[in-house]
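>>> I need the structure of the sequence given here:
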Amino acid sequence: MNPLVRKILGLFAAPRINMREDYEKVRRFQRRMAARPGPRYRMLDREIMSEDGTHQIPVRFFRPREKRRDEVLLFFHGGGWVTGDIESYTPACAAMADLTGCVVASVDYRLAPEHPFPAGLDDCLRATRLLLEDPQRAGLTSAEQVVLVGDSAGGSLAAVVSLLLRQEGHVLPGRQILLYPVTHWDHDPQTSPFESVREHGQGYRLTNTEVEDYMDLYVPDPRLRRDVRVAPLLADVFAGQPATLVVTAELDLLCDEGEAYGRALADAGVPVRMHRVDGAIHGFITLPRFSRPMREAYDEINAFLDIPLGSGGSPDAGIQEEDAAEDLA
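I've put the predicted structure just below:
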């Protein structure tokens, strides 16, 4: 990489803070940034009851300025299972609605360390089950019109929700979109199986130390980190998953594990499209709409959503298989 470009990208590196101690400061900063004066968003707040009846799960619906598709994108935000919420992700979700022409439903799942694993996952699973069991509540005619979307830790949650639904024989969403997802438990450059962890774990937006801090807060018991519900790449069975788009960032330490998950799905016969955004760093889905990584990612997302769903809930063979073969070659 050009040394000047590397230096510029280094300016976006995560602040050197102790995430274990300063996660509340990060949350407040994210909310302040999202609350800056800006456009008025077309949104509606609702709540659903948790499975055990102990708490409400907020869900914020975003309506696009121009509705061009019937699908609803059920979105799980990133933030290492520790930061992020529907407030800090409101600009990103509003952009997602406008750029896809879909209604977006953002789930405000519980965060660690106050609510460690599997609390946040349980909330996401509950919201997904309710929407799939009664799609009419969101104006849909079938569960196939539900698309799971998640970025980073939210991408992990989306992947795990799909795996668990398949495992229990539940009706599945028609598609899932995983944006630079966490799929593995080990991000130590000395022991990780992925080269991107060693190449891009320092000097950019997300660091090895930050991911390890997040993992410590989300799953305090190290023995649980190899659970499929934390590391979906360790699943025994990948077959039967919804059609999947995996978008990764070239300069992201999570790049290799996201693409490894896409290959695992494709090897199991799942229709998969994969796209790596060259020169992009982690978290680009929250960048301004005019940024190149954002534009490129949404070109891929819209192309994926344009593929017709067959009667079995997968994109029609031909386009999907051809693209997957090219991407995985």
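>>> put the alpha carbons of the helix or strand hosting residue 73 into CSV.
Mapping residue 73 onto the secondary structure by DSSP states H and E places it in strand 72-76. As requested, C-alpha coordinates have been extracted for strand 72-76 and formatted as CSV (Å, rounded to 0.1, in the frame of the first residue of the first chain):
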residue,chain,number,x,y,z
VAL,A,72,-37.9,-5.6,5.5
LEU,A,73,-34.3,-5.5,6.6
LEU,A,74,-34.1,-6.7,10.2
PHE,A,75,-30.9,-5.0,11.4
PHE,A,76,-28.5,-5.9,14.2
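>>> after that strand, which helix or strand is next?
Of the helices and strands lying after strand 72-76 in sequence (DSSP H and E), the nearest is helix 90-100.
>>> against which helices or strands is that following helix packed?
Where contact means 3 or more Cβ pairs under 8 Å, 6 or more residues apart in numbering; DSSP states H and E, helix 90-100 is packed against strand 56-62, strand 72-76, strand 103-107, helix 292-306. Quick note: C-beta positions are derived from backbone N, CA and C, even for glycine.
>>> gap between it and the chain center?
14 Å (Cα atoms, centre = their mean, to the nearest Å).
>>> then stretch 241-260?
That offset, for stretch 241-260, works out to 10 Å (Cα atoms, centre = their mean).
>>> cool, and stretch 43-53?
The answer for stretch 43-53 is 20 Å, by Cα atoms, centre = their mean.
>>> give me the buried positions along it.
Neighbour counts over stretch 43-53 (16 or more other Cβ atoms under 10 Å) mark 43, 48, 50 as buried.
>>> is residue 273 in a helix, a strand, or coil?
Assigned by DSSP: H, G, I helix; E, B strand; the rest coil, the conformation of residue 273 is strand.
>>> quick check: bridge partners of it?
Per DSSP bridges, the residues bridged to residue 273 are residue 245.
>>> can I get the buried residues of stretch 43-53 in JSON lines including secondary structure and distance to residue 28?
Below are these laid out as JSON lines (DSSP: H, G, I helix; E, B strand; the rest coil; distance: Cβ to Cβ, whole Å):
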{"residue": "43", "secondary structure": "strand", "distance to residue 28": "21"}
{"residue": "48", "secondary structure": "strand", "distance to residue 28": "26"}
{"residue": "50", "secondary structure": "coil", "distance to residue 28": "25"}
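>>> hang on, residue 163 in a helix?
Yes: assigned with three-state DSSP, residue 163 falls within a helix.
>>> that one reaches residue 241, doesn't it?
Yes: applying Cβ atoms under 8 Å as the test, residue 163 and residue 241 come out as touching, 7.2 Å apart.
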